[in-house]
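In: Sequence first, predicted coordinates after that:
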Amino acid sequence: MPAPSSCAWRRGWGTTDDRFADVQERDAGQQRMPYRWWLSLMVRAMRAIMRGEFAAGERLTEQALAYGRDMLGAGTSLAHSTQLIFLRWLQGRPGDVRGIVEQLVREPLGQGWRSLLPLAYPGQRRQGEARRDLDAAAADRFAGRRSGVEVVGLVGSCALLGDDAAAARLYDLLLPYRGWHLGAGPMVYLGAGDHHLGVLAATAGRWDDAERHLLAAMVAHRRLGAKPWLALSRQAYAGMLRGRARRGDQRRAEVFDAATNAAAARLGMELPGWGRPALGPLPQPPRPANGHAGGRSGSARRS
């Protein structure tokens, strides 16, 4: 996995994103540059979705799609599809996620979209498909550069299956993104790296690491105003407490769940979860001789 690169955004990147969108919009008007106008709409849509303003985000991404098709061509629809997939995922609509991805896979040269199907697996409890895809990714020790969107799907599959070996390997490879934010360019926000590290650590049974990462993720998401991701990190923290099962953990998990479910309801969000109430390792079927490994992330931003 590459170390966080120079294109990463550091602390305060959320306000930088707003200024970036303002600059694109201003220059588009002054210089008649359709791409910059389209990009400003996409960035504003990302920011709205990240904040939990789902209706506004969907309206902006639809405006960007209509404008992009007219002024830039059909290729802009791919960016729209990516935003829509993650919007539906955050809303807790795995069936819609699967439907969009399967439609895209049927398009010419669309097989690359299959890597997003694991996003739907935990919400639909598709353990068999999650096992198939995770084993396929692990067969070559997750070789090759993997995007942030693929990593999010693989994290969910590890958690659904309770695969501690795969989670431990992914954790080690994702560790350079501790304190950073994952994203797919400037158009899709994928949460704090610590959130995904926390889920992986809990799945691997590394309870102290899991607690540290998830608490850091809550701070990072609260600082950004990323309300859906704050809810996801709180949900994961409750799952970690249930899996760890120390004295008082069950009661603390119930308190976290009550507050998290109330916050999610205010956003119009059904928490995606990971298909079971607790995070932690589960007994695994026999493994091929080549074993498990971990994945690579796309772009990252410093919290």
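Out: Yes, it's here.
In: ok, the residue nearest to Leu104 when sequence neighbours are not counted to Leu215 distance?
Out: Closest residue to Leu104 apart from its sequence neighbours, by Cβ to Cβ, 6 or more residues apart in numbering: Trp113 at 4.1 Å. The C-beta positions use only the backbone N, C-alpha and C, and glycine is treated the same way. Between Trp113 and Leu215 the distance, using Cβ to Cβ, to the nearest Å, works out to 34 Å.
In: Tell me which of those two has more neighbours.
Out: Trp113 (21 against 14; other Cβ atoms under 10 Å).
In: Now do the contacts for Ala278.
Out: Contact analysis of Ala278 by Cβ atoms under 8 Å, 6 or more residues apart in numbering lists Gly239, Arg242, Gly243.
In: and the most centrally placed residue in the chain, what element?
Out: Note on the chain: the residue nearest the mean C-alpha position is Leu190, at 3.8 Å, using Cα atoms, centre = their mean. Applying DSSP states H and E as the criterion places Leu190 in strand 188-192.
In: Against which helices or strands is that strand packed?
Out: Secondary-structure packing of strand 188-192 (3 or more Cβ pairs under 8 Å, 6 or more residues apart in numbering; DSSP states H and E): helix 34-50, helix 76-90, helix 148-161, strand 180-184, helix 207-224, helix 227-244.
In: got the CA coordinates for it in CSV?
Out: Taking C-alpha atoms only, strand 188-192 is exported to CSV below (Å, rounded to 0.1, in the frame of the first residue of the first chain):
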residue,chain,number,x,y,z
VAL,A,188,-16.9,10.7,-2.8
TYR,A,189,-16.0,10.8,0.9
LEU,A,190,-15.2,7.4,2.3
GLY,A,191,-14.7,8.1,6.0
ALA,A,192,-11.8,8.4,8.3
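In: That one pairs with which strands?
Out: Sheet pairing for strand 188-192, assigned by DSSP bridges, gives strand 180-184 (antiparallel).
In: Kindly provide the whole-number mean pLDDT of the partner strand.
Out: Summarised as a single mean, pLDDT over strand 180-184 is 88.
In: residues in contact with the strand or helix carrying Gly99?
Out: Element membership for Gly99 (DSSP H and E) is helix 94-105. Outside helix 94-105, the residues that touch it by Cβ under 8 Å, 6+ apart are 81, 84-85, 88-89, 110-111, 113-114, 116-117, 119-124, 272.
In: Which of the residues you listed fall in helices?
Out: Ser81, Leu84, Ile85, Arg88, Trp89, Tyr121, Pro122, Gly123, Gln124 (DSSP state H).
In: For the residues you listed, name the two members farthest from one another.
Out: Ser81 and Pro122 (20.7 Å; Cβ to Cβ).
In: Looking at those two, which one has more neighbours?
Out: Between Ser81 and Pro122, Pro122 has the larger neighbour count (other Cβ under 10 Å), namely 24 against 19.
In: Compute the inter-axis angle for the strand holding Leu190 and helix 227-244.
Out: Calculated by axes from the mean of the first three to the mean of the last three Cα atoms, to 10 degrees, strand 188-192 forms an angle of 40 degrees with helix 227-244.
In: For strand 188-192, the averaged confidence score.
Out: Per-residue scores along strand 188-192 average to 92.
In: returning to what we had before: CSV please, covering the helices and strands packed on strand 188-192 and showing distance to Arg59.
Out: Formatted as CSV, the helices and strands packed on strand 188-192 follow (distance: least, Cβ to Cβ, whole Å):
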stretch, distance to Arg59
helix 34-50, 8
helix 76-90, 11
helix 148-161, 23
strand 180-184, 20
helix 207-224, 21
helix 227-244, 17
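In: Could you look over these and pick the most buried one?
Out: Of all those, helix 148-161 has the most neighbours on average by mean count of other Cβ atoms under 10 Å, namely a mean of 27.
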